[in-house]
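# structure, please.
(chains A and B)
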Amino acid sequence: MIGKMIAGIVTAFTIMAAGLPAFAQQDETEKEIERYRAMISDPFSNPGFLFVDRGEALWKQARGEKNVSLETCDLGEGPGKLEGAYAKLPRYFADADQVMDLEQRLLWCMEKIQALDTKDIVKRKFGRPGVTSDMQDLVAFIANKSNDMKIAPQLSHPKEQAMAALGEALFYRRGGQWDFSCATCHEATGQRIRLQALPVLSKPGPAAQATMATWPTYRVSQSQVRTMQHRLWDCYWQMRWPDAKYGAEAITALTAYLMQNAAGGEIQVPSIKR
Amino acid sequence: MRTTLKAAGIAALGALVLAGPARAQSTKVDPAVVEAAVKGMFGHAPAEWQERIVQDETQKACSLNRNQPPADIANAITARETKNVVLPADGKFLGDWKSGEKIAQSGYGGRHTDDPKRELGGNCYACHQLSKTELSFGTMGPSLLEYGKIRKYALEDAKAAYIKIYNAQAVFPCSNMPRLGHNKHLNEQQIKDLVALLFDPESPVNK
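Sure thing, here's the model as predicted:
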């Protein structure tokens, strides 16, 4: 019931963001969005904040062989600086000589700063009943520190440009038993799979903005905060491709491409979705 | 082989033209880089999955041309995919519409968590409206309401539908519809049952 309501509000939000309804409907829709915004930013109505709180504790907890916290981890804005970091990821990190998304970067920091064995962390990459995921918690906490900020894709380094271009090529790469690519479901406007509306992600604009600015999200159907790594793993699952590797370069590339199309979108996370 | 190379060359050119107004990142990416990234994501998958991530010629051409192939490549695709169609040996195209409806409803199968022993579905309702009673249908493909009735249940049209379901790209190059028979997702009997769903006067499609 609550799930349905939330889905409805989220849909209203998406439609509004796509700029579709007539002017008369605008007022009503704006009120809906206001209500939705109030709800998602209220720790009492949004279970995603449990994950945020756990993530904060994990960020500050001394762990690994070096028994230190992650607080000196540089997410791109300087060691330990979290405000606005998520809005600029994925980006190039000179110390790793690699473009990384938040999840890759966190694993890197765990290994380099904490000397933490990440095997168990990766095993728990996706939480399920009775098993919490450090990655989901940390991402929820860190991304939340970019709330009200605009997605600002980083494209000045040649490796950042190459990463986004790779993502675009992957977006159109058809394959597998169903001949699917991302474009099959996320290129044309106004399409549905069964009753599920599909956002257009192949071009800059409100749909891509509304989508990317609302991840990580608390998924009511799964009772988990899910990250972009999980969303894309899920889409490849639907595409009948194999189990996509967590933290693979290709996922970062797709994320870089999508974030680029979402430039300017105002981050509000953890959101709540179906 | 030579035609393949040539087709790839033209395809690459087509992609450049279609890309339209330059966006800084729309530069061409070396296909080897793309394939390496795909390998990095799926290389750990079981051996029987590995061939699934390798593209065939048609998937390659459609990817490079973003599903809008120029005429010569489009013709090459329909010609190749038409040759790939295997028609039923008994010359019959109509099965049982009731089991066709079940196959049309089910999207089961092919995902890495699915049980390969269970019957696979065609997932037609994901993309098509088929009957007036099923309201949960997608819109990626055209409505197929009254498909057989509109065609006066003509046998030639039932055969055409068999071909369409077996290999959508024999008819429409770079169609978003999966090549369900060609990719060995649906078998001959299942496709006949689906054709019956479209062409049996008693089927909900024609009611």
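# the stretch 101-250 of chain A: strands as residue ranges?
Using DSSP state E, counting those that start in this stretch, the strands of the stretch 101-250 of chain A run over A:192-193, A:196-197, A:217-219, A:224-226.
# can you name the residue of chain B nearest chain A?
Nearest to chain A, among the residues of chain B, is B:A45, at 3.4 Å (Cβ to the nearest Cβ). (Each C-beta comes from the backbone N, C-alpha and C, glycine too.)
# nearest residue to that residue other than its sequence neighbours?
Distances taken as Cβ to Cβ, 6 or more residues apart in numbering or on different chains place A:P242 nearest to B:A45, at 3.4 Å, with adjacent residues excluded.
# please give me every residue in contact with the one you found.
A:Y236, B:F42, B:A45, B:P46, B:W49, B:R52, B:I53, B:H112 (Cβ atoms under 8 Å, 6 or more residues apart in numbering or on different chains).
# let's see that with 10 Å instead.
Taking Cβ atoms under 10 Å, 6 or more residues apart in numbering or on different chains, we find A:P242 in contact with A:176, A:236, B:41-46, B:48-50, B:52-53, B:111-112.
# now, among those residues, which is nearest to A:K88?
Of all those, A:K88 sits closest to B:M41, with 23.7 Å by Cβ to Cβ.
# was I right about that closest one contacting A:M239?
No. Using Cβ atoms under 10 Å, B:M41 is not in contact with A:M239, being 11.9 Å away.
# of the two, who's got more company?
Taking other Cβ atoms under 10 Å in any protein chain shown, B:M41 and A:M239 do not tie; B:M41 has more neighbours (27 against 22).
# quick revisit: may I see the strands of the stretch 101-250 of chain A arranged in TSV, with mean neighbour count as well?
Below are those laid out as TSV (neighbours: other Cβ atoms under 10 Å in any protein chain shown):
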stretch	mean neighbour count
strand A:192-193	18
strand A:196-197	15
strand A:217-219	24
strand A:224-226	27
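# quick one: A:G167 and B:V33 touch, right?
No. Using Cβ under 10 Å, A:G167 is not in contact with B:V33; the gap is 11.5 Å.
# packing partners of the longest helix along chain A?
If you go by DSSP state H, chain A has its longest helix at helix A:23-40. Using 3 or more Cβ pairs under 10 Å, 6 or more residues apart in numbering or on different chains; DSSP states H and E, the elements in contact with helix A:23-40 are helix A:2-17, strand A:271-273.
# so for it, what gets flagged as buried?
Residues of helix A:23-40 classed as buried by neighbour count (16 or more other Cβ atoms under 10 Å in any protein chain shown): A:T29, A:E32, A:Y36, A:M39, A:I40.
# ditto for stretch A:96-111
For stretch A:96-111, burial by neighbour count (16+ other Cβ under 10 Å) applies to A:98-110.
# and the helices in chain A?
With helices called from DSSP H, chain A shows them at A:2-17, A:23-40, A:48-60, A:102-109, A:119-123, A:134-144, A:158-171, A:182-186, A:206-212, A:228-238, A:249-261.
# and those: which comes nearest B:P173?
helix A:182-186 (14.7 Å).
# which residues does that closest one contact?
With contacts defined as Cβ under 10 Å, 6+ apart, helix A:182-186 is touched by A:167-168, A:170-174, A:178, A:191-193, A:196, A:198-202, A:207-208, A:211, A:232, A:235-236, A:238-239, A:254, A:257-258, B:62-63, B:66-67, B:126-127, B:138, B:140, B:175-178.
# what about the residue minimising distance to the centre of chain B, which SS state?
Ranked by distance to the mean C-alpha position of chain B (Cα atoms, centre = their mean), the top residue is B:P178 at 2.0 Å. Following DSSP: H, G, I helix; E, B strand; the rest coil, we place B:P178 in the coil state.
# up against chain B, what does the stretch 51-200 of chain A have?
A:153, A:155, A:160-181, A:183-185, A:187-188, A:190-198 (Cβ under 10 Å from any Cβ of the partner chain).
# out of these, which end up buried?
Using 16+ other Cβ under 10 Å, the buried ones in these are A:153, A:155, A:160-181, A:183-185, A:187, A:191-193, A:197-198.
# what's the local residue count around the closest residue to A:L232 other than its chain neighbours?
Distances taken as Cβ to Cβ, 6+ apart place A:I251 nearest to A:L232, at 5.2 Å, with adjacent residues excluded. For A:I251, the count of nearby residues is 28 (other Cβ under 10 Å).
# is it true that A:I251 touches A:D234?
No. A:I251 is not in contact with A:D234 according to Cβ under 10 Å; the separation is 11.4 Å.
# overlap in contacts of these two?
Taking Cβ under 10 Å, 6+ apart as the contact rule, A:I251 and A:D234 both touch A:A244.
# one step back: dump the helices of chain A into CSV; add mean pLDDT as well.
Compiled in CSV, the helices of chain A are given as follows (pLDDT from 0 to 100):
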stretch, mean pLDDT
helix A:2-17, 41
helix A:23-40, 71
helix A:48-60, 98
helix A:102-109, 98
helix A:119-123, 97
helix A:134-144, 98
helix A:158-171, 98
helix A:182-186, 97
helix A:206-212, 97
helix A:228-238, 97
helix A:249-261, 98
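# show the end-to-end separation of stretch A:192-201, please.
14 Å (Cα to Cα, to the nearest Å).
# A:L170 and A:A250 touch, don't they?
Yes. With contacts defined as Cβ under 10 Å, A:L170 counts as touching A:A250 at a distance of 5.7 Å.
# which neighbours do the two share?
With the criterion set as Cβ under 10 Å, 6+ apart, the overlap between the contacts of A:L170 and A:A250 is A:L232, B:V34, B:A37, B:V38, B:M41.
# compare these and tell me which has the most neighbours.
B:M41 (27 neighbours).
# what comes up buried for the host helix or strand of B:I165?
Assigned by DSSP states H and E, B:I165 falls within helix B:155-166. Buried residues in helix B:155-166, counted by 16+ other Cβ under 10 Å: B:D157, B:A158, B:K159, B:A160, B:A161, B:Y162, B:I163, B:K164, B:I165, B:Y166.
# averaged pLDDT, it. What do you get?
Averaged across helix B:155-166, the pLDDT comes to 98.
# and the helix or strand that it is followed by, which residues are buried?
Counting by DSSP H and E, the next helix or strand C-terminal to helix B:155-166 is helix B:188-199. By 16+ other Cβ under 10 Å, the buried positions in helix B:188-199 come out as B:E188, B:Q190, B:I191, B:K192, B:D193, B:L194, B:V195, B:A196, B:L197, B:L198, B:F199.
# and what of stretch B:96-111?
Residues of stretch B:96-111 classed as buried: B:97, B:99-107, B:109-111 (neighbour count, 16+ other Cβ under 10 Å).
# likewise for stretch A:126-136?
A:F126, A:G127, A:S133, A:D134, A:M135, A:Q136.
# skipping adjacent residues, who's closest to residue 131 in space?
Since you didn't name a chain, this refers to chain A. A:R124 (5.8 Å).
# meant chain B, my bad for not saying
B:P204 (3.7 Å).
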